[in-house]
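**Student:** I'll drop the sequence and a predicted model, then ask my questions.
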Amino acid sequence: MLKSKPVIMSLSFLTAASLLLAACAAPTQTQEVPVTTVVTQVVTVTETPQPGVIPASGLIACKETPAASAGGKGPGLAAANVAQPSSPSVKTQVGSPAAAETVYRVGIFEDLTSTNFFQANGPDNSVWNAYFLLPQRLALFGTSDQRFQLIPQAAADWASPLTQEGDNWISTVPLKKGITWSDGEPFTAKDMAFTANTSLRFGLVGGNWQSWFDPNYLDHVEAVDDTTVKFVYHTKPGIARHDWGDLQAPILSEHFWKPLVDEAAKPLEGLTKPDKDATEEDKTKYAEAETQAQENLYAIDPNGEPMAGAFTFSKWEKSAFAENATNPDYFFNGANIVEYANGAYHESKANVYDFTAYGEATGDPTLEYTNGPHVNAAVYSIYSSQDAAVLALKNGEIDFILNPLGLQRGLLSQVQDDPNLTVIKNKVNGFRYLSFNTRRKPMDDCSFRQAVATLIDKDFVTKTILQNVAFPLYTFVPEANAAWYFDGVPKFGLKADGTPMTREERVNQAVAILEGAGYSWEGGAKPAWDADNRQVTPSGALLLPDGTPVPQLEILAPSPGYDPLRSTFAIWIESWLNEVGIPAKANLAGFNVILQRVFSDQDFDMYILGYSLSIFPSYMRDFWHSDQAVKDGNNAGGYSNPKFDELSEALLTCDSAESCKKASDQLQILVSTELPMVVLFDTGIIETYRSAALEYPYTDTLSGLQYINGLPAAVAVK
């Protein structure tokens, strides 16, 4: 998942990521707020935590809430086989040899934090790193354009069915012959085995690593020979961890990384990973050694690392730009890709390989192009704002703006009538959200979280304040992901008929929830709605059930320059909480500051970020499982519920679409009730590119071109 989200994307034929936290916005979200409607009286930013933290001793379970607090339940939609594009596919033919010194020029808004792939997909897992690093990689499998069907990449054919051998479960995958690394070394099964086993060796669970190589299932990976990979599972995995996890994990070169990794692993020498019966002393000793080994791994400078993807790392001038150079030995350069109206997929390269799946390759093509790269390099230049990037686009300095937030609607008028530019719009698979640190009071209390969710009027902010440039969300699988969407969840802030509560109803409902959980207000003056003045009568400060005043709470959120949508939500949430005696202050900070505070330091009360999501909703497990409640883990808020852990494992062991859909629906109901985070809103994504200079094979795709990193291996410069 990409942290923009944090995020979560599946690895496509060209590139991708599994859990990508994107630019602090739903990595797959667009950020479009008319400048005139954004709340601009934003609070000053501080980078220090608020005083008076009250540690929690454990989570406080949900209590029965008044019937009006959740509504809008309905039957879930039937699962489809694959996500569909937002509009009919574009039939285009793109592809010709790259002209001399052709460059794909992209504008971005945050710098890289690391070119170390282990770090960039662990503690530094962000969409900005993924945009640049993923085009350099290959995986065994990716997904098809627009339809997101599983497609062999480095694999020569499908993985064999999981079969039991003794106590283990086995699956083998044949590799295509002739793939090489950019330094000329052969790409072999040893590289796949090395990548997986290194993740297991260092206990990597944060960022994307556990979704790629989950030690709860994967025992190890073997290279049977140079072209055969063998996955060995100690526990039978479902399609989430096998098909949509291990098989789609990016692969690193053993011959480059092994000596560096062996040196980094020295703190673990002579130690055996303790089992559940080991002494606390042994567990602590191993944990300290593992942490040191991980820090060593993340500190490696991968200068000169060979790549097998479409691009290789070329240059990085911090705070200015980064450059990928075309890999002249990229195996898939010249491959012809055709998708057909009947659902079939065909991919071939003359005298090298020929592959067809999902039906016979006959009838009308809906998409056809020749893979590249068709450029010599891809340059990612950093801009301080969307205004600056749009000006650069209009002036011909860049060709495309790569942003998980998309284009702000306030800037749309500047580009939509420019004959050199083209605007594209797509649905998205992601969300922006408010999350709680359940290690602190009162965020540890389910009733408090439900009250906060009730007070947040998503419809008012999205429709009135943001003038419909965003839409409210109430489910953790967005409706755009039709295959896994489920509507039948509790929806705090909606009435039983599915319509939004009034302000009076929200205040009354939140007060009832809090009172039912033992909260009170100083002086007995609880909040009440003043019908004559249409406002909340000021109350005393909220008191915890033990009579202690609720401490000052901080709401971390991106600055308006980065994401006016989330900064606007943060300010309104601050106001609504203070209305009912909850002392809250919005702290609008830089994206990388928030990531550090939340995921590495875990020093926060509440924060607003966003996620770009994978098609298969395995993120439902990875966001909130207790084993992710560790430093740099995805569960930064520390939510821990044995029932959730148990249910979420079913999402990883299910082996059919029907059983996985059932597990996903159950998890959504539980999370929508207990609310370790409140899903807030999303937008369709608007993007623009310099059509006078570029040609894409297609532009209709779920979550936009940013979701597939701007198609760097397929774009052609005119």
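**Tutor:** Perfect, I can see it now.

**Student:** could you pull out the strands for the stretch 501-650 of the chain?
**Tutor:** For the stretch 501-650 of the chain, the strands defined by DSSP state E, counting those that start in this stretch occupy 520-521, 528-530, 535-537, 542-543, 553-558, 584-589, 606-612.

**Student:** partner strands of the last one and their direction?
**Tutor:** Okay, so that is strand 606-612. Counting by DSSP bridges, the strands paired with strand 606-612 are strand 2-3 (antiparallel), strand 430-436 (antiparallel), strand 553-558 (parallel).

**Student:** and the angle for it with strand 584-589?
**Tutor:** 50 degrees (axes from the mean of the first three to the mean of the last three CA atoms, to 10 degrees).

**Student:** number the residues from 651 up from this point.
**Tutor:** Yep, numbering from 651; the last one is strand 1256-1262 now.

**Student:** using the three-state scheme, assign residue 841.
**Tutor:** Look at residue 841: counting by DSSP: H, G, I helix; E, B strand; the rest coil, its state is helix.

**Student:** burial of it, as a residue count?
**Tutor:** Applying other CB atoms under 10 Å, we find 27 residues neighbouring residue 841. In short, each C-beta sits where N, CA and C put it, glycine included.

**Student:** ok, it touching residue 906?
**Tutor:** No. Between residue 841 and residue 906 there is no contact under CB atoms under 8 Å: 9.6 Å.

**Student:** what about the residue lying closest to residue 1002 once chain neighbours are set aside, how many residues nearby?
**Tutor:** Distances taken as CB to CB, 6 or more residues apart in numbering put residue 828 closest to residue 1002, at 6.9 Å, once the chain neighbours are dropped. Residues near residue 828, counting by other CB under 10 Å, number 12.

**Student:** surely residue 828 meets residue 1001?
**Tutor:** No. If you go by CB under 8 Å, residue 828 and residue 1001 don't touch, sitting 10.7 Å apart.

**Student:** so for stretch 848-868, mean pLDDT?
**Tutor:** Mean per-residue pLDDT for stretch 848-868: 94.

**Student:** identify the bridge partners of residue 1262.
**Tutor:** Taking DSSP bridges as the rule, residue 1262 bridges to residue 652, residue 1080.

**Student:** residues contacting residue 1049?
**Tutor:** Going by CB atoms under 8 Å, 6 or more residues apart in numbering, residue 1049 touches 754-756, 1043, 1339-1340, 1343-1344, 1367.

**Student:** 10 Å - rerun?
**Tutor:** Neighbour list for residue 1049: 753-757, 1025, 1028-1029, 1042-1043, 1071, 1339-1344, 1360, 1365, 1367 [criterion: CB atoms under 10 Å, 6 or more residues apart in numbering].

**Student:** next one: it from residue 960, what distance?
**Tutor:** Look at residue 1049 and residue 960: by CB to CB, to the nearest Å, they are 17 Å apart.

**Student:** burial of residue 877, as a residue count?
**Tutor:** Residue 877, neighbours per other CB under 10 Å, totals 17.

**Student:** let me see the contact set for residue 1298.
**Tutor:** Going by CB under 10 Å, 6+ apart, residue 1298 touches 890, 1268, 1270-1276, 1291, 1313-1314, 1316-1317, 1320-1321.

**Student:** quick check: the residue of the chain positioned farthest from its centre vs residue 1154, distance?
**Tutor:** Most distant residue from the mean C-alpha position of the chain: residue 1182, 45.3 Å away (CA atoms, centre = their mean). Distance of residue 1182 to residue 1154, given as CB to CB: 12 Å.
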